[in-house]
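**Student:** Mind folding the following:
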Amino acid sequence: MTILTDQDAAMANAIASVMPGTYHRLCIWHIYQNAAKHLSHVFKGSTSFEHDLNRCIYDYEYEEEFLTVWNNMILKYNLMDNKWLQNLFKEKEKWALVYGRNTFCADMKSTQRSESMNNLLKNYLNSKYDLLRFFTHYERTVASRRYKESMTDFKMRQSTLVMFLDVKILNETAKVYTPEVFEMFQEEYKKHLRYSISKCGEFSTIAEYCVYNDKDERRTVRFDSLDGTMTCSCKKFEFVGILCSHAMKVLDFYNIKEVDPRYIMKRWRRDAKEGFGRDHTRVPTKGEHNIVFGKRYKYLCSKLHRIIAMAEEHDELFKFADKYTDKFHDEMMERMKGMKEPPLRSCKSVDESIKIEHAHH
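**Tutor:** Numbering: from 1, shown residues only. Model (predicted):
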């Protein structure tokens, strides 16, 4: 849905051509790096410029506000003739949050350089490697990542849920969200306790509320009592994927103690992986056997890789996996003997494929 890159014209053209439905945004980290280079004299001569630029990027919810503040900033620092800022402004839809709040980005505003796969691979790879060595190191890297993911999943399942006294909305969401996402949700809940609320409009079943804090920062929340839908001017749900504190204040106003399932994204749930691959159980139609075989193979590999990643570094888990893999194989062979129709691909061809794969490794 969204892709973040640096300010590269060739990349922008390629994305527009190959992925026209993708929302292309510019990495904020790269913008600040370029700003420091092209506007070094402004940064050195003023202690407030960075703050003003930061506000233009993040703070505004309406285009008119953004345009007014941007023009004021240009005049304030006498930057009317600065070519770099002029070119940056032409791409404002790709970096100013006022234009991006309606698009889901999982709260990512940069290319996450320190956490990217590209950065991770640099620790394992060398440009002098041939393809065979490259894939050997690459597979080790991926196996390490899968192992960490499996361990995180294991800890999440084993963790004891903390009950929050009579706070039903926290107790319910703690059961649903992954620990990290729940912490984000909990922070939003804490914020709403400090807010005030007042009704500022009504249209049929839709009520409009002004939610504000002690700094007089206001957000507008619309709530439809007919179907329970709600939108906030901050667009946190659309951009991040969790309900904002302003929406929670409205829920509290209506004494609603649970989050509507439509506002709990599957990607943030503890059971996000469950149900994956349900379409792989269907019988292939004529002419699509290879496609379905490929999907099934990929699906089962993803499950088995998690087992392998957990087993390879622990003697006890390795022995356990080795023992039950043999049992599983024998049971599969027995089931195949009892099948009315033989598999479309013989066991011999599968075994040959495995031998070839091991020979390559």
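**Student:** Report the distance from the biggest helix by length in the chain to the chain centre.
**Tutor:** Secondary structure of the chain per DSSP state H: the longest helix is helix 131-158. Put simply, helix 131-158 sits 19 Å off its chain's centre (CA atoms, centre = their mean, to the nearest Å).
**Student:** Look up the closest residue to the residue nearest in space to the middle of the chain, ignoring the ones flanking it.
**Tutor:** Against the mean C-alpha coordinate of the chain, by CA atoms, centre = their mean, the closest residue is residue 106 at 4.3 Å. Closest residue in space to residue 106, ignoring its immediate chain neighbours: residue 241 at 6.2 Å, by CB to CB, 6 or more residues apart in numbering. Every C-beta, even on glycine, is put in place using the N, C-alpha and C of the backbone.
**Student:** just to revisit the earlier point, could I get the buried residue list for the longest helix of the chain?
**Tutor:** 137-138, 141, 146-147, 150 (16 or more other CB atoms under 10 Å).
**Student:** swap in stretch 304-321?
**Tutor:** Buried residues in stretch 304-321 (16+ other CB under 10 Å): 305-311, 321.
**Student:** Same question for stretch 251-271.
**Tutor:** 251-253, 256, 259, 264-265, 268, 270.
**Student:** and that stretch, C-alpha only, in CSV?
**Tutor:** C-alpha atoms of stretch 251-271 as CSV (Å, rounded to 0.1, in the frame of the first residue of the first chain):
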residue,chain,number,x,y,z
LEU,A,251,-16.1,6.0,23.6
ASP,A,252,-15.8,6.8,27.3
PHE,A,253,-18.4,9.6,26.9
TYR,A,254,-20.8,7.0,25.6
ASN,A,255,-19.7,4.5,28.3
ILE,A,256,-18.6,2.0,25.6
LYS,A,257,-16.1,-0.4,27.2
GLU,A,258,-15.0,-2.5,24.2
VAL,A,259,-13.3,-1.6,20.9
ASP,A,260,-15.3,-2.5,17.8
PRO,A,261,-13.6,-5.3,16.0
ARG,A,262,-13.4,-3.2,12.8
TYR,A,263,-10.9,-0.9,14.6
ILE,A,264,-8.6,-3.8,15.5
MET,A,265,-6.4,-4.5,12.5
LYS,A,266,-5.5,-8.2,11.9
ARG,A,267,-1.8,-7.4,11.5
TRP,A,268,-1.6,-6.2,15.1
ARG,A,269,-3.4,-9.2,16.6
ARG,A,270,-1.8,-12.1,18.6
ASP,A,271,-3.5,-14.5,16.2
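**Student:** contacting residues around that stretch?
**Tutor:** The contact list for stretch 251-271 (CB atoms under 8 Å, 6 or more residues apart in numbering) reads 106, 156-157, 168-169, 172-173, 175-178, 181, 192, 197, 209, 223, 225, 228-229, 237, 241-243, 272.
**Student:** Low-confidence stretches in the stretch 151-300 of the chain?
**Tutor:** Within the stretch 151-300 of the chain, the stretches with pLDDT under 70 are 165, 275-295.
**Student:** all strands of it, in order?
**Tutor:** Per DSSP state E, counting those that start in this stretch, the stretch 151-300 of the chain carries strands over the ranges 196-203, 206-212, 218-224, 230-232.
**Student:** out of the ones you listed, deepest packed?
**Tutor:** Highest mean neighbour count of the strands of the stretch 151-300 of the chain: strand 230-232, a mean of 21 (counted as mean count of other CB atoms under 10 Å).
**Student:** Return the list of strands paired to that one, each annotated with direction.
**Tutor:** Partners of strand 230-232 in the sheet, by DSSP bridges, are strand 218-224 (antiparallel).
**Student:** residues contacting residue 23?
**Tutor:** Listed by CB under 8 Å, 6+ apart, the contact set of residue 23 reads 1-3, 100, 103.
**Student:** In TSV: those, plus pLDDT.
**Tutor:** Output for those, formatted as TSV (pLDDT from 0 to 100):
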residue	pLDDT
1	83
2	89
3	91
100	90
103	89
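**Student:** buried subset of those?
**Tutor:** Using 16+ other CB under 10 Å, the buried ones in the contacts of residue 23 are residue 100.
**Student:** Narrow the contacts of residue 23 to those in helices?
**Tutor:** Per DSSP H, these never map to helices.
**Student:** ok, of the contacts of residue 23, which one's closest to residue 130?
**Tutor:** Nearest to residue 130 among these, counting by CB to CB, is residue 3 at 30.5 Å.
**Student:** list the contacts for the closest one?
**Tutor:** 15, 19, 22-25.
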